[in-house]
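got a predicted model here, sequence first, then my questions.
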Amino acid sequence: MNRLLFVVLLALPFKVDAQITAREYAQRREQMAARLPDQSVLVVLGAREPAQDYLEFNQNPGMMYLTGIAEPDAALVMVKASGQTSATLFVLPRDPAAETWTGTRLGAEGATKLTGLPARLRSALPQVLDSLASTKSAFFVVGDLSQNPSEGALTVDDQFVGAFKSKHPEARVTVANETLEQLRGKKSPAELALIKKAVDITVEAQKEAIKAVRPDKNEYEIEALIEYVFRRSGSERPSFATIVGSGPNSTTLHYNADDRQMQPGEVVVMDIGASYEGYAADVTRTVPTSGTFSAEQRQVYQIVRDAQAAAERQAKPGKSAQLMTDSATALIAAGLTHLGLIESPDATVDLAVGGGSTRQLPQYMLYYMHGLGHGIGLEVHDPDQFYFTGTIAEGSAFTIEPGIYVRPNLLETLPDTPRNRALIAKIRPAVERYKSIGVRIEDDYIITDKGVEWISRAPREISEIEALMRRPSF
């Protein structure tokens, strides 16, 4: 192929035919209504307009899931009475002065045209809720709501609900976020297609980043390349803050300063995800800055990869999700024992729990302190149905991401107890040998009627990564 033509084709954005249809949004609202009692009102609060109009706006997942409306300050009210459900949207008005700064708004007419729902202006919402309060209906609210609003700062939605309850103290108001999350846990075919497209874009960015990693690069150069590929490929934004952590930064789980010069002989963890039509990907690769893994890096990497493979073998429809975690953890604990980083797979360590007290936890948690994975969807940490059922099933979309992180200051963080002093004496040589090696391998999976599908097919075996790093960066 002509090289110029290849570059032009590479620059074309990814396209996907799957879209969430108006009928699917209606079905979601019907499913949500079915979970509510008769004589009830559901209020879904969308994300508020940013305090400054030059800040980026992202819609709350609840509003996005039930309506597809991506504008700020929107709300949805559903009324269920005598077995019948009605729904009304509330949106900001058309306003030429405001639209000069932030772009065209739908307005009530546009919102109805887009969704098929009757729509009113947002300013009418308080009056409508006051009227509904007089019907003695039970109120259910979805939004950015604190679990314990009395214990911390109140969100704007907390304040809105609080004002309503103060005005109508007799009203019964229940947070319904978890009810909606149970619905969101099972992804439709259209949602799975959008997730796959987000993952495809992310995999392309991972490949370009792997080829570009060199000891003379700064972390932010790789970050910039990754996010360039995202936008070039049709992603609207990263689905979370891009993580490019080299050397000691590879051992910090959510490091995202991305501002360190890479050095020869290190590893770099690249935990990245594109958002496509609101749906998130999350893919992590760990690569050697010099293009070849050292003996120590290979040992740690292979343990993590074997743990991931063990979890993958347990990822089957109808099986317990806990089996994935148990299998991966067993491999990691055995591997850490083999490296001399812990005493045995079931050995414990004294860790501080606050107030000067300690408790015993497994030693492997010194190096592997996070969960095996999480759901993906409208949020990068999205609810999955096995959160509620414990069982993997069709419609699931999730990650598997074991890791090992040998923090350079690990031994300094342990409480000074007799047990820990003995442990430190035993493992210090191994910690010194493997320090500043952080390895995480994260992939995305979906469950369809055909079974489990690994959808994030970026190189992940040691030989594949080293081979890709020998290729020139575009």
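Looks like it arrived, so ask away.

avg pLDDT for the host helix or strand of A209?
In this structure, A209 is located in helix 189-212 according to DSSP states H and E. Confidence for helix 189-212, expressed as mean pLDDT, is 98.

and stretch 105-123, by the same measure?
96.

quick check: buried residues in it?
By neighbour count on 16 or more other CB atoms under 10 Å, the buried set for stretch 105-123 is R105, L106, G107, A108, A111, T112, L114, T115, L117, A119, R120, R122. The C-beta positions use only the backbone N, C-alpha and C, and glycine is treated the same way.

return the subset of those lying in strands.
Within the buried residues of stretch 105-123, residues falling in strands by DSSP state E are A119, R120.

could you redo the buried residues of stretch 105-123 as CSV and give each row distance to E277?
Shown next, in CSV, are those (distance: CB to CB, whole Å):
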residue, distance to E277
R105, 20
L106, 17
G107, 23
A108, 24
A111, 19
T112, 22
L114, 15
T115, 16
L117, 20
A119, 22
R120, 27
R122, 25
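
just curious, which of the buried residues of stretch 105-123 is nearest to R48?
R122 (10.5 Å; CB to CB).

measure that closest one to V353 for me?
46 Å (CB to CB, to the nearest Å).

one step back: looking at the buried residues of stretch 105-123, which are in helices?
G107, A108, A111, T112, L114, T115 (DSSP state H).

thought the fourth one was touching F90?
No: with contact defined as CB atoms under 8 Å, T112 does not reach F90; the gap is 11.8 Å.

any common contacting residues for those two?
Counting by CB atoms under 8 Å, 6 or more residues apart in numbering, the common neighbours of T112 and F90 are A119.

so, low pLDDT: which residues of the stretch 351-474 of the chain?
When residues are selected by pLDDT under 70, those of the stretch 351-474 of the chain lie in 474.

name the element R231 belongs to?
In this assignment (DSSP H and E), R231 forms part of helix 219-232.

do you know how far the closest residue in space to D259 that isn't next to it in sequence is from G335?
Once flanking residues are discounted, D259 sits nearest to Y220: 5.6 Å by CB to CB, 6 or more residues apart in numbering. The gap separating Y220 from G335 is 32 Å, by CB to CB.

contacting residues around the residue nearest to D259?
V244, D258, D259.

now do I427
Contact partners of I427, counting by CB under 8 Å, 6+ apart, are G340, L341, I342, E343, L411.

among these, name the buried ones.
For the contacts of I427, a burial check counting by 16+ other CB under 10 Å picks out L341, I342, E343, L411.

what is the nearest of the residues you listed to K319?
Distances from K319 to the buried ones among the contacts of I427, taken as CB to CB, are shortest for I342 (28.5 Å).

how far away is the closest one from V269?
21 Å.

if we can go back for a sec, max pairwise distance over the buried ones among the contacts of I427: which two?
E343 and L411 (14.2 Å).

I'd like the average pLDDT over the helix holding R231.
Averaged across helix 219-232, the pLDDT comes to 98.

strand partners (parallel or antiparallel) of whichever helix or strand comes after it?
Next along the chain after helix 219-232, taking DSSP H and E as the criterion, comes strand 237-238. Strand pairing for strand 237-238, using DSSP bridges, gives strand 274-276 (antiparallel).

next, work out how far apart F90 and M78 are.
Per CB to CB, F90 is found 12 Å from M78.

same check on L132?
In terms of CB to CB, L132 sits 11 Å off from M78.

next: G291.
Distance, G291 to M78, using CB to CB: 57 Å.

more neighbours: which of those two?
Neighbour count, other CB atoms under 10 Å: between G291 and M78, M78 has more, with 21 against 18.

mind checking the SS state of the more buried one?
strand (DSSP: H, G, I helix; E, B strand; the rest coil).

that one pairs with what?
According to DSSP bridges, the partner residues bridging M78 are L42, A87.

and it, how far from A333?
In this view, M78 and A333 are 48 Å apart by CB to CB.
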